[in-house]
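Student: Here you go, sequence then predicted model.
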Amino acid sequence: MDDLAFVFASGSGQVGSQSRHLLRSIRRHHAEAPVYVYVPTEELDDMDPAVREELAADATILEGSIPVPEYSISTKIAALEAAERVADASYLLMLDTDVLVLDEIEVHRSEDADLFLKPVDVGNQFWGRERSHERWRDLYERYDQQFTERRVASTFDNRAMLPYWNAGFVLT
């Protein structure tokens, strides 16, 4: 697909090793798609040179900081922002490094949506359970949003839960 680019965060250790496998799986099904790999500057020196070399040979390396160091997931948001600044593709797909692409990704276009999400796989964990609702209420209130009565089903265990989305596959 000509208008789809991929983005993910990489770094040292296991994340670096996983990102190598992710890139290979992307290339298996999207040989020509642009791929942007975000590497936190603070991890560059600790990154395995072989991993960095492989990523640089088949993707565009973007460097930057971890926006919220005590919340490593913020690196994914920085990766998406960095890729958005340089990508020419109509769609960016941000993936976690523990994901493999097993088939061609098809974008389901919609005139009504700019962001596509899927519920988390397992609803039987804290944020998907009833006991988390007070924390959810606090978050809704903090951002001046009305608490929802809407429920979605988790995709693996089919548990009804508040709208809680998988952040490991974000298409925008």
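Tutor: Good, I have the coordinates. Being a predicted model, the structure only gives us computed values, none of them experimental.
Student: Now do the contacts for the residue lying closest to S154 once chain neighbours are set aside.
Tutor: Nearest residue to S154, sequence neighbours excluded (C-beta to C-beta, 6 or more residues apart in numbering): G123, at 3.2 Å. C-betas here are computed from N, CA, C, even on glycine. If you count contacts by C-beta atoms under 8 Å, 6 or more residues apart in numbering, G123 has them with R129, A153, S154, D157, N158, R159, A160, M161, Y164.
Student: Now tabulate the residues you listed in TSV and tack on distance to V37.
Tutor: Below are those laid out as TSV (distance: C-beta to C-beta, whole Å):
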residue	distance to V37
R129	35
A153	33
S154	30
D157	32
N158	34
R159	34
A160	37
M161	32
Y164	27
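Student: Tell me where this structure has strands.
Tutor: For the chain, the strands defined by DSSP state E cover 4-9, 35-40, 60-64, 91-95, 152-153, 160-161, 169-171.
Student: which one of the contacts of G123 has the most neighbours?
Tutor: Greatest neighbour count in the contacts of G123, by other C-beta atoms under 10 Å, goes to M161: 23 neighbours.
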